[in-house]
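**Student:** sequence plus predicted model, see below.
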Amino acid sequence: MSTFDPAAFLPDDLLARIRERASEHDRENTFPQRDLDELRDAGYLSILVPVERGGAGLGLEQAAVLQQRLATAAPATALAINMHLVWTGVAKVFSDRGVPGLEFVQDGAAAGEVFAFGISEGGNDLVLFGSDTDAAPQTDGGYAFTGTKIFTSLAPVWTMLGLHGLDTTSPDAPKLVFAFIDRTDAVTTGDDWDTLGMRATQSRTTRLNGAVAAPERVVRRIDPGPNPDPIVFGIFSVFELLLASVYTGIARRGLELAVSTAQRRRSKKSGAAYSQDPDIRWRIADMALAYDALPPQIATLARDVDVLTDHGSRWFTLLSGVKHRAVVMAKRVVDEAMLVAGGGSYFSSNELSRLYRDVLAGMFHPSDPESAHSTAASAWLGPLEA
């Protein structure tokens with residue numbers, strides 16, 4: 001899409017308002033409702049929905065650029081919106097490959113529905129490959145889900161939750177069931193989100209007590225464990241690339257703030273701007289060299305998803321690797337930006353202080369460092385011997 005203009009979807013004035021509100025939501029530990037309202041009014045929730053279904057018809061490559069841009073203004077807002085975009089991105093992966101079943105996600109996003117991501121569970125390091133949530137089959141073909149999901153971003157506002165659970169009672173059990181539920185009395189949202197960073201995501205704990213997914217909202221029933229099903233590839237690819245985008249956006253903002261500070265501050269000793277100090281120049285150059293590597297990597301892999309490039313089994317190494325590199329790079333860049341900016345950045349009201357806390361969350365998202373390294377080791381060395 002050679003004519004793609006990010007500012008057409010995220011105008012500078014909208015970003016400025018979102019950035020201005022970010023410190024308030026971080027300080028007060030509140031959800032950025034006005035951010036969501038303005039983004040929805042701008043059509044941002046349906047950027048990955050095809051034009052014929054009421055969306056902007058963008059690809060994952062363009063969405064990744066936009067999420068980097070949004071994250072420079074408010075990382076927590078971008079991370080929260082990520083979870084909605086994951087499901088619309090998975091729906092695009094399905095439709096691009098001729099797989100039916102997620103058209104209701106596209107239509108819902110175009111109509112203003114807010115989708116949340118209900119996959120994470122405490123202590124479940126199988127993530128997509130297993131679940132501690134019970135998925136009980138219903139006589140009409142639906143499922144009732146009972147269990148606890150953690151880190152449910154958009155907790156105060158979501159209207160539909162995409163989740164998975166384990167069916168252990170059907171004749172062909174066990175089966176992992178992926179489905180979508182509405183917010184009903186069978187869903188309880190905790191008020192337990194009081195974290196170091198990414199506070200505005202309001203990624204609260206969600207408890208399910210027989211929450212029912214209608215038959216038409218049951219998307220997939222697959223065998224537990226590694227699986228070539230499109231639902232696994234769709235979630236993993238979109239999730240990893242959009243996460244990498246958010247943290248790359250944080251790095252970009254950290255670099256911008258470091259440059260601005262170096263140009264503004266002057267040395268009492270020499271009278272020269274800090275931008276003329278050789279050590280500061282080296283530090284900022286090192287930050288820039290680290291940052292510059294990530295946007296092209298994200299763009300290439302996102303484009304490969306869009307054009308149906310077949311990387312086979314290498315997909316999982318490539319995707320977990322780019323997410324891992326993005327968060328490691330972002331943390332390093334923000335660390336360096338804090339040093340360039342000096343002691344003022346240590347105050348909690350300083351934007352760099354917030355970026356410093358926000359960027360730490362990147363290591364906890366799948367794929368975590370251990371998983372990324374295990375995936376890479378298996379790809380290059382083969383599996384561990386029994």
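**Tutor:** All right, it came through fine.
**Student:** which parts of the lengthiest helix in the chain are buried?
**Tutor:** Counting residues, the longest helix found in the chain (DSSP state H) is helix 230-264. By 16 or more other C-beta atoms under 10 Å, the buried positions in helix 230-264 come out as 230-255, 257-259, 261-262. Where you see a C-beta, it was placed from the backbone N, CA and C, and this is true even at glycine.
**Student:** helix or strand right after the helix or strand Ile150 falls within?
**Tutor:** Using DSSP states H and E, Ile150 sits in strand 143-152. On the C-terminal side of strand 143-152, the closest following helix or strand by DSSP H and E is strand 160-167.
**Student:** tell me the helices and strands packed up against that following strand.
**Tutor:** Packed against strand 160-167 by the contact rule (3 or more C-beta pairs under 8 Å, 6 or more residues apart in numbering; DSSP states H and E) you find strand 115-118, strand 134-137, strand 143-152, strand 175-182.
**Student:** just checking, what packs against the first one?
**Tutor:** Contact analysis of strand 115-118 by 3+ C-beta pairs under 8 Å, 6+ apart lists helix 75-96, helix 103-111, strand 143-152, strand 160-167 as its packing neighbours.
**Student:** what do you get for the third one?
**Tutor:** Taking 3+ C-beta pairs under 8 Å, 6+ apart as the contact definition, the neighbouring helices and strands of strand 143-152 are strand 115-118, strand 134-137, strand 160-167, strand 175-182, strand 204-213.
**Student:** sheet-wise, list the partners of the next helix or strand after the fourth one with their directions.
**Tutor:** Think strand 175-182. Following strand 175-182 in sequence order, the next helix or strand is strand 187-189 (DSSP H and E). Strand 187-189 has its sheet partners listed here by DSSP bridges as strand 204-213 (antiparallel).
**Student:** could you export the strand it pairs with as CSV, CA atoms only?
**Tutor:** Extracted in CSV, the C-alpha atoms of strand 204-213 (Å, rounded to 0.1, in the frame of the first residue of the first chain):
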residue,chain,number,x,y,z
ARG,A,204,-7.8,-7.2,35.4
THR,A,205,-8.5,-10.8,36.4
THR,A,206,-11.6,-12.3,34.8
ARG,A,207,-13.5,-15.1,36.5
LEU,A,208,-15.8,-17.3,34.4
ASN,A,209,-18.7,-19.3,36.1
GLY,A,210,-20.4,-21.1,33.3
ALA,A,211,-20.1,-18.3,30.8
VAL,A,212,-21.7,-19.6,27.6
ALA,A,213,-20.5,-19.2,24.1
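**Student:** tell me what angle that strand forms with strand 175-182.
**Tutor:** 100 degrees (axes from the mean of the first three to the mean of the last three C-alpha atoms, to 10 degrees).
**Student:** bridged to Ala273, which residues?
**Tutor:** Arg266.
**Student:** ok, now which ones touch it?
**Tutor:** Applying C-beta atoms under 8 Å, 6 or more residues apart in numbering to Ala273 gives the contacts Ala262, Gln263, Arg264, Arg265, Arg266, Ser267.
**Student:** out of these, who's nearest Ala372?
**Tutor:** Among those, Ala262 lies closest to Ala372 (C-beta to C-beta), at 32.8 Å.
**Student:** please name the residues that touch the closest one.
**Tutor:** So Ala262 contacts Ala273, Tyr274, Ser275, Asp277, Ile280, Ile284, Val340 (C-beta under 8 Å, 6+ apart).
**Student:** gap between the nearest residue to the third one once chain neighbours are set aside and Gly342?
**Tutor:** In this structure, Ser275 finds its nearest non-sequential neighbour in Ala262, 4.4 Å apart by C-beta to C-beta, 6 or more residues apart in numbering. When C-beta to C-beta, to the nearest Å is the yardstick, Ala262 and Gly342 sit 10 Å from each other.
**Student:** same check on Asp107?
**Tutor:** 51 Å.
**Student:** burial measure for the closest residue to Ala56 other than its chain neighbours, as a count.
**Tutor:** Counting by C-beta to C-beta, 6+ apart, Ile47 is the residue found nearest to Ala56 once chain neighbours are left out, at 4.6 Å. Counted by other C-beta atoms under 10 Å, the residues lying close to Ile47 total 24.
**Student:** correct me if wrong: Ile47 contacts Leu60.
**Tutor:** No. At 10.1 Å, Ile47 and Leu60 do not qualify as touching, with contact defined as C-beta atoms under 8 Å.
**Student:** is it true that Arg199 touches Asn29?
**Tutor:** Yes. The criterion here is C-beta under 8 Å, and Arg199 meets it with Asn29 at 4.9 Å.
**Student:** what touches both of those two?
**Tutor:** Common neighbours of Arg199 and Asn29, using C-beta under 8 Å, 6+ apart, are Trp193.
**Student:** show me which of the two is the more surrounded one.
**Tutor:** Per other C-beta under 10 Å, whichever of Arg199 and Asn29 has more neighbours is Arg199, with 23 against 12.
**Student:** how about the contacts made by that one?
**Tutor:** Applying C-beta under 8 Å, 6+ apart, we find Arg199 in contact with His25, Asp26, Asn29, Ala76, Trp193.
**Student:** can you rerun that using 10 Å?
**Tutor:** Arg199 sits next to 22, 25-31, 76, 193, 354, 357-358, 361 when contact means C-beta atoms under 10 Å, 6 or more residues apart in numbering.
**Student:** give me the pLDDT for it.
**Tutor:** With respect to pLDDT, Arg199 scores 98.
**Student:** and the protein, what are its domains?
**Tutor:** Segmentation of the chain into domains, based on automatic domain parsing, reads 6-113, 116-222, 230-381.
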